[in-house]
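**Student:** sequence and computational prediction follow.
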Amino acid sequence: MAIQTSINGKAVALSAEPDTPLLWVIREELGLTGTKFGCGVAACGACTVHVDGEPTRSCSVPVSDVAGKSITTIEGLKSADGTLHAVQTAWIAAQVPQCGYCQSGQIMAAVALIEKTGRPSDAQIDAAMTNLCRCGTYPRIRKAIRAATGQAAQATQGAV
Amino acid sequence: MTDNPTPDIAPEAPLKRKGLKRRAFLIGGVAIVGAGLFGISIADRNAAKDAKARITGEGEHSFATWLKISEDDVVTIYSPHTDIGQGSNTGLAQMLAEELDAAWEQVRIVSAPAEPAFANVGLGRGFLTEMTGQPAIINGIPQSFLAFIARQMNLQITGGSTALRFTGQMTFQKVGAATRLALMETAAKRLNVPVEELTTQDSRVIHAKSSQSLRYGELAAQAATLSLDNEPKLKDPTQYRLMRQSMQRLDIPAKVDGSAQFGMDFAIPNMRVATIQAAPVRGGKLTSVDTAPAMAIKGVEKVIKLENAVAVVAKGYWPAISGLRALAPSFSDGGHADVSTASIFKAHDDIIAKGEADGEAGEGDVQVGLGAKPIQAKYQVPFLHHAMMEPFALTAHFKDGKLDIWGGMQDPLATKMLAVEVSGLDADDVTFHPMIIGGSFGRRLPMYMEIVDQVTQLAMQLPYPVKLIWSREEEVAQGAYRPQSSALLSAALTDKKRIAAYRNDYAQPESSESETVFPYILPAVSRRHFAHVSNQNTGAWRSVNSTQQGFYNESFMDELAHAAGEDPVIFRRNHLKADTRHLRVLDEVAARSGWNTPLPAGRGRGVALVESFKTIVAMVVEASVGEDGMPKLHKVTTVVDAGSIVNPDAAMAQIEGGTIMGLSSAIGEAITLEKGAAQQSNLSDYLLLTMAQSPLVQDIHFLNSGAPMGGIGEPGVPPAAPALANALFAATGKRIRNLPIMTQAKG
């Protein structure tokens, strides 16, 4: 039986087996490959999406759990006319990504943090941004979050 | 497995530079045959012709293999390097476009086809220069011969911090400059003016006198028929408009909106997904497996047995991994069941104690200098996993006698050649399509590309395309780790606080001699390699042997400073030559870090100075110990002398990230072995540094010394671990001689 949900504002009926992790439904059934597979055990955060606005590690959520919920992936962050989200713009300005593989998840985590806190402190950033980055882009992620939340002055002070 | 084409990265021979020399010699043997085969040009004519056929379409014109100009002025550069996020493609584009005087907005850079015509000549030249250490010799070798070598070695590799250093300087700048001259020559004829009166800017040739100008696109067709100048004059750096500028990275926009397509993301109609488990004990074989439990899972289509692995092919990754997990395969242990972390360290101790080194380098009489009672310390580091964020994923399709493979590897051409070997097909029937890579750090180098072997075997027996994905568990268990390694350091001090003799006895599979630069001037110094090989695959891990050697030497220098009762910076200064780059870097980091200023109670500063890949980095870490016993990083100050820098912001990013990777390995990372197999299973127990653990402040400075360009992707890593360990010693009085630090904090 199809699972009804909403992805990036569009209603969809999913045919995957109910125990399939949301990640694989997003990637393989819906073809939205911006959400990444990194570990499969919710340790790295590369698969982070929003489920009803909450940052969620989609590799560890069975698709049956999101029935009737609203999911946003990295592809859904841009506005309808293609304008980048302010966090994405800040990410480019700070030249954050290196290999880029974890960055969809990082951006989704950052957007959720900013929606929740407005202007996150360093401690709030540390607590929320637990996604792993092997390239070591953490200083620039912090800088981009600060810049996107009107704390650009601190951004030039600290991280980079 | 193909012959390892990367002498600079994984030296084979234990003795000082012997591996490199041997290879150069071997190449020298080929020279007699090779030199006469090709005409002389930047990229020899045969290759250029083949390249042209592969990349040019209607209205497009190719120059010297690597460059294409379209009649509507788009400049497309074909990079033989894989941009893994280090920004090398942007840097290469800056270098070529600079000399070409191209309009930056019209410049594109894409992966070169994985074909011999695009073998990396500049890289071959770079390797040879470093091998012999005598550029003069290299300059005497015909370019055509270097091209020949590059193809012989399937050279299309990214590693050794070489992209801009070798390929950029030795090929791309010249291609840009030579093409510009050809365009000017063409314009001179067309405008009927002397070429000396022409200038170039933003993809136009300009004749100021007559206020005329021509677009490169208008000139390209005719210019492409001219033969190019092999040694064109390059710009004076004062004229640079693109180089030495922080141009935004060309790959970044696609990496913030999810549109970048990594190997993991590739899909074609009818494709199936496979996942695999190889023998958990390296060297073991698959002995038996009951395939029924996997086949019972909905979506699973096939279980395929390989010599040392079992693969499950399914409609998607989830049924594939569920099927694999349902299996209980039996593997042999290859006779390695008694291998453990402890057994390897014991073997290291034993061979070092026996004293029969496999290789020695250094100078002076160390034995006499050390005397009867040297200061000694034993250091140990564990295997390290690369932990690239994108697990291996390659898609392969065998159809109508042709094999296509898609994905990201660090040497596309070697990847193709391995698939040729495994499939038994002709090289012309195998195509590798390079895609964006989600991290590598050495893991995707050609030494251990078992995934290429595996996916080729699967594709050759399947009627549909198959994407083989390694689970993270497989990735951790089947690493090509940085080797577990031990060192026994010995030294004697004079009564004037000077080192009289210094010995570094280290045990690990390979010699580290080709990467280790010991900058201190001592009366007697010796580095002895004791070869010990376990059942594990070990390979290049970002900055290769410079990490463990940096940790050994820079920690022990700190111990000696302490034993001498001397400040660690002053002690190092006293053993460096006056007026050297090393000394300037060290002095600068001391000044910028406030080395002599007081610190709050419980905090300490540690310094380290490491040269790797011709770049010198000094780092001061300010740290304390948290209540949980874990290190707290307050500030890292870094001074880098990489000669000259092509893109300052991208270089900065490499040092930031390299530092974090070095700190991460020092604090939390270890692969340990029990019964021949890795004990770690995922990123939940192989612990990478998090944002919260990383330093809030990284203060990084580049010294533009004007020295030859050094590497930038790797040199940030090595000084981090010793600088941190030395800082913790300063804070607590406890010396750290085993990594990772975490195991000691907890234990």
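**Tutor:** Sure, I can see it.

**Student:** show me where pLDDT drops low in chain A?
**Tutor:** The model of chain A has pLDDT under 70 over residues A:1, A:153-160.

**Student:** number of nearby residues for B:Glu196?
**Tutor:** Per other Cβ atoms under 10 Å in any protein chain shown, the neighbour tally for B:Glu196 reads 7. Glycine gets a C-beta too; all of them are placed from N, C-alpha and C.

**Student:** sorry, that was for B:Val195
**Tutor:** 14.

**Student:** what's near enough to touch it?
**Tutor:** Contacts for B:Val195 (Cβ atoms under 8 Å, 6 or more residues apart in numbering or on different chains) come out as B:Met184, B:Glu185, B:Ala187, B:Ala188.

**Student:** identify the residue nearest the third one in space, chain neighbours excluded?
**Tutor:** Read that as B:Ala187. Spatial nearest neighbour of B:Ala187, chain neighbours left out: B:Val205 (3.9 Å); criterion: Cβ to Cβ, 6 or more residues apart in numbering or on different chains.

**Student:** helices and strands around the helix or strand encompassing that neighbour, which ones?
**Tutor:** Element membership for B:Val205, per DSSP states H and E: strand B:204-207. The contact analysis (3 or more Cβ pairs under 8 Å, 6 or more residues apart in numbering or on different chains; DSSP states H and E) places strand B:204-207 against helix B:173-191, strand B:198-201, strand B:212-215, helix B:216-223.

**Student:** show me where the stretch 401-550 of chain B has helices.
**Tutor:** B:412-423, B:450-460, B:472-477, B:546-564 (DSSP state H, counting those that start in this stretch).

**Student:** format the ones you listed as JSON lines; extra columns: distance to chain A.
**Tutor:** Shown next, in JSON lines, are the helices of the stretch 401-550 of chain B (distance: least, Cβ to the nearest Cβ, whole Å):
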{"stretch": "helix B:412-423", "distance to chain A": "17"}
{"stretch": "helix B:450-460", "distance to chain A": "15"}
{"stretch": "helix B:472-477", "distance to chain A": "4"}
{"stretch": "helix B:546-564", "distance to chain A": "14"}
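
**Student:** could you dump these to CSV with distance to B:Lys635?
**Tutor:** Formatted as CSV, the helices of the stretch 401-550 of chain B follow (distance: least, Cβ to Cβ, whole Å):
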stretch, distance to B:Lys635
helix B:412-423, 41
helix B:450-460, 40
helix B:472-477, 32
helix B:546-564, 18
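
**Student:** could you measure from the closest residue to B:Asp429 other than its chain neighbours over to B:Ile304?
**Tutor:** Using Cβ to Cβ, 6+ apart and skipping the chain neighbours, the partner closest in space to B:Asp429 is B:Lys402 (4.8 Å). According to Cβ to Cβ, to the nearest Å, B:Lys402 stands 21 Å off from B:Ile304.

**Student:** go on, A:Thr117?
**Tutor:** Using Cβ to Cβ, we find A:Thr117 at a distance of 50 Å from B:Ile304.

**Student:** so which of these two has more stuff around it?
**Tutor:** B:Ile304 (18 against 15).

**Student:** before we move on, the earlier item: where among the helices of the stretch 401-550 of chain B is the average confidence lowest?
**Tutor:** In terms of average pLDDT, helix B:412-423 trails the rest of the helices of the stretch 401-550 of chain B, at a mean of 91.

**Student:** just the angle between it and helix B:450-460, please?
**Tutor:** Interaxial angle, helix B:412-423 versus helix B:450-460 (axes from the mean of the first three to the mean of the last three Cα atoms, to 10 degrees): 50 degrees.

**Student:** please, where are all the helices along chain A?
**Tutor:** Applying DSSP state H to chain A gives helices spanning A:22-24, A:86-93, A:103-117, A:122-128, A:138-148, A:152-157.

**Student:** ok, whichever residue of the stretch 201-350 of chain B sits closest to chain A - how many residues close by?
**Tutor:** Nearest residue of the stretch 201-350 of chain B to chain A: B:Gly258, at 1.9 Å (Cβ to the nearest Cβ). Neighbourhood size, B:Gly258 [other Cβ under 10 Å]: 25.

**Student:** give me the nearest residue to it, chain neighbours excluded.
**Tutor:** Leaving aside its sequence neighbours, B:Gly258 is closest to A:Gly34 (1.9 Å, by Cβ to Cβ, 6+ apart).
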